[in-house]
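J.: Got a predicted model here, sequence first, then my questions.
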Amino acid sequence: MKTQEIFVENIKCGGCMTSIKNALEKIKGIIKVEIDKDEEKISLTGDQYQLSEVIDSLNSMGYPQKGENSVFKQAKSYVSCAIGKMS
């Protein structure tokens, strides 16, 4: 079992956190997802998951790793946030 931290951009609220958690918990091998909104840090615990799959999932929702943000990704994060608020 390993724990890994990823620092991302665009986490604004609980809606963002819900969307991220719901998406990452679907990835095979991830057992636990914890999110620190203030630090924009995601802690993953699990076995044999692919970090590239995690990064791709986060990017597709508008939450890129620190330093890789864009206006397009910011816009996508607002959509993901709204979906999370409805969940």
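T.: That came through, no problem.
J.: Ignoring the adjacent residues along the chain, who's closest to Val79?
T.: Distances taken as C-beta to C-beta, 6 or more residues apart in numbering place Gly62 nearest to Val79, at 7.1 Å, with adjacent residues excluded. For every residue, glycine as well, the C-beta is placed using N, CA and C.
J.: so what's that neighbour up against?
T.: 10, 73-80 (C-beta atoms under 8 Å, 6 or more residues apart in numbering).
J.: By neighbour count, which of the residues you listed wins?
T.: Ser77 (25 neighbours; other C-beta atoms under 10 Å).
J.: Enumerate every residue touching the residue nearest to the spatial centre of the chain.
T.: Centroid check for the chain by C-alpha atoms, centre = their mean gives Ile20 as the closest residue, at 4.0 Å. Counting by C-beta under 8 Å, 6+ apart, Ile20 makes contact with 11, 33, 35, 42, 58, 61, 63, 80, 84.
J.: Let me see the ranges of the helices in the chain.
T.: 14-24, 51-61, 71-86 (DSSP state H).
J.: To Gln4, which of those lies closest?
T.: helix 51-61 (7.0 Å; C-beta to C-beta).
J.: Please find the angle between the direction vectors of that closest one and helix 71-86.
T.: Angle, helix 51-61 to helix 71-86, by axes from the mean of the first three to the mean of the last three C-alpha atoms, to 10 degrees: 90 degrees.
J.: Point out the other helices and strands that helix 51-61 packs with.
T.: strand 2-7, helix 14-24, helix 71-86 (3 or more C-beta pairs under 8 Å, 6 or more residues apart in numbering; DSSP states H and E).
J.: quick one: buried residues of the second one?
T.: Residues 15-21, 23-24 are the ones in helix 14-24 that count as buried (16 or more other C-beta atoms under 10 Å).
J.: Which two among those are spaced furthest apart?
T.: Of all pairs in these, the most separated under C-beta to C-beta is Gly15 and Leu24 at 15.2 Å.
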